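>>> Here is the input, now give the coordinates:
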Amino acid sequence: MELDLTASTDRLAAAATAATRLLSSRLADPVGGGLLIDARPDGVLLSGTDRERDVRLSVPAQIGSPGQALVPGRLFAETLRSLQSGEVRLTVAEGRLTITTPSAFFALPLLDQTGYPRLPAAPPLCGRIPAAALSATVGAVAAAAARDDAVPMFTGVRLRSAADGRMSLVATDRYRMAIADLGWRPESGAELDLLVPAALLAEVVKQTAHSGEVELRADGDRFGLCWNQDQVSSTVLAARFPDEQRIIPDTVECTAEVDTDELLGALRRVARYSGPEGVLALQASSDGLLLSSGDDRSGSAQETVRATVTGEAFRAYRAKYLIDSLQQFHGHRGRLGISASRATIIQAADDDIERGELRYLVMPLRAA
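This is a model prediction of the structure:
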């Protein structure tokens, strides 16, 4: 028999799903959409490539017979996700990959491996970083990146090393910007300044969350993360990214410290009356934060949130961007720094020991 293995259905399904999610679904070539199943003495390795991204994910397995099989990735993942059995057996026979449980049998066609591209080696090692801190920080920063690729640079997260053993992560969709920095252990002489696809990075770090430490690898054209026996690499975005230092206000005219969850609740209630433009006003004074919105067709709403305020300010925002930014500080006291003419800074007023230092900048609307 060419390939024979038994593995946990849930773990194999999770790896197959993650691999297909990380690879492009727009490939016309069916071989390019395939997953290579490699049964080895130490377990099974699922790998795939769309020629821009390369994925290798390992799963513990009992190997009856080593071997390889290239199968349609999405069909393989969808089949495994639908199974109720705790374990699943994979075998290759008569030109098919069979998926067998005590109550079910599926036979997937094998794809021709002749034209399947060879996955490149990982880029050179640049440094290491705690997986939990990386996962928490990337999740918060990548949320600020643009979802559409009309302007490619806004779909990325900029990773840049600093001389003090810190690394900065920055993302923006032009209306808000997320900036975070956290510690890492760079290799001697290693420097990093790359623009990595945000959606890919956010998905990859979900896989690393329980691995302890992650290797960051990069050269001029590619970026990769390696952990345990797993690896994901991708081409970087070739675009110039805006300098966040030009956007961060030098001074603020008003600061407000507030319970983030209380402010979020009020924002969501008042935003229901913000009309088709979704505009919401925030007035900061010694009485707290007064939120207001409305128009002739949508009605109107006002709510005051308790806050410790220094100074006074009045600004209008797109409610969506203010709410989305504050959500990253759920469970913390937040501090708002409102500048006279530039972005409003949102950051945690207390320490977050897992996530690196995080700031969100939200652009106010210009006065008419």
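>>> And the strands in the stretch 201-350 of the chain?
In the stretch 201-350 of the chain, the strands defined using DSSP state E, counting those that start in this stretch lie at 213-218, 222-227, 230-235, 254-259, 279-285, 288-295, 299-305, 308-310, 313-318, 333-338, 344-348.
>>> by how many degrees do the longest one and strand 299-305 diverge?
It refers to strand 288-295. Orientation of strand 288-295 against strand 299-305 (axes from the mean of the first three to the mean of the last three C-alpha atoms, to 10 degrees) gives an angle of 170 degrees.
>>> Give me the sheet partners of strand 288-295 and which way each runs.
Here strand 288-295 has these sheet partners by DSSP bridges: strand 279-285 (antiparallel), strand 299-305 (antiparallel).
>>> among the strands of the stretch 201-350 of the chain, which is nearest residue 91?
strand 230-235 (24.4 Å; C-beta to C-beta). C-beta coordinates here come from the backbone N, C-alpha and C atoms, glycine included.
>>> ok so, going back, tell me which of the strands paired with strand 288-295 is the most buried.
Mean neighbour count, computed with mean count of other C-beta atoms under 10 Å, is highest for strand 279-285 among the strands paired with strand 288-295, reaching a mean of 20.
>>> State the mean pLDDT of that one.
Mean per-residue pLDDT for strand 279-285: 96.
>>> for stretch 293-304, same thing?
On average, stretch 293-304 scores 93.
>>> Can you give the contact residues for that stretch?
The contact list for stretch 293-304, computed with C-beta atoms under 8 Å, 6 or more residues apart in numbering, reads 266, 269-276, 279-281, 287-292, 319.
>>> Whichever of those residues end up buried, select them in ChimeraX.
Selection command for ChimeraX covering only the buried members of these, criterion 16 or more other C-beta atoms under 10 Å:
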select :266,270,271,273,274,275,279,280,281,288,289,290,291,292,319
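>>> For the stretch 1-150 of the chain, which segments are assigned as helices?
Using DSSP state H, counting those that start in this stretch, the helices of the stretch 1-150 of the chain run over 9-22, 73-82, 131-142.
>>> of those helices, which approaches residue 55 most closely?
Nearest to residue 55, of the helices of the stretch 1-150 of the chain and by C-beta to C-beta, is helix 9-22 at 4.8 Å.
>>> Report the buried residues of that closest one.
9, 11-22.
>>> Which elements pack onto that helix?
strand 34-40, strand 43-49, strand 53-59, helix 73-82, strand 87-93, helix 198-208 (3 or more C-beta pairs under 8 Å, 6 or more residues apart in numbering; DSSP states H and E).
>>> you'd agree residue 252 is up against residue 341?
No - look at residue 252 against residue 341 with C-beta atoms under 8 Å: they stay out of range, at 10.9 Å.
>>> okay, the two: which has more neighbours?
Shown here are residue 252 and residue 341; by other C-beta atoms under 10 Å, residue 252 has more neighbours (18 against 8).
>>> Across the sheet, point out what pairs with the spatially closest residue to the more buried one that is not a sequence neighbour.
Residue nearest to residue 252 in three dimensions, not counting chain neighbours: residue 337, with 3.9 Å by C-beta to C-beta, 6 or more residues apart in numbering. Counting by DSSP bridges, residue 337 forms beta bridges with residue 255, residue 345.
>>> How much space separates residue 337 from residue 360?
11 Å (C-beta to C-beta, to the nearest Å).
>>> Repeat that for residue 70.
44 Å.
>>> Looking at those two, which has the bigger crowd around it?
A count of neighbours by other C-beta under 10 Å puts residue 360 above the other of residue 70 and residue 360, at 28 against 21.
>>> who touches that one in this structure?
Residue 360 touches 144, 176-179, 325-326, 328-329, 345-347, counting by C-beta under 8 Å, 6+ apart.
>>> any idea which of those is closest to residue 33?
Comparing these against residue 33 with C-beta to C-beta places residue 144 closest, at 30.5 Å.
>>> What is the neighbour count of the closest one?
26.
>>> beta partners for residue 361?
In beta-bridge terms (that is, DSSP bridges), residue 361 pairs with residue 177, residue 345.
>>> Check whether it really touches residue 179, as I assumed.
Yes - the criterion here is C-beta under 8 Å, and residue 361 meets it with residue 179 at 7.2 Å.
>>> got TSV for the strands of the stretch 201-350 of the chain, with distance to residue 122 too?
Converted to TSV, these look like this (distance: least, C-beta to C-beta, whole Å):
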stretch	distance to residue 122
strand 213-218	5
strand 222-227	5
strand 230-235	5
strand 254-259	44
strand 279-285	46
strand 288-295	48
strand 299-305	49
strand 308-310	49
strand 313-318	41
strand 333-338	39
strand 344-348	34
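>>> which stretch among those comes nearest residue 196?
Across these, closest to residue 196 is strand 222-227 (C-beta to C-beta), at 5.1 Å.
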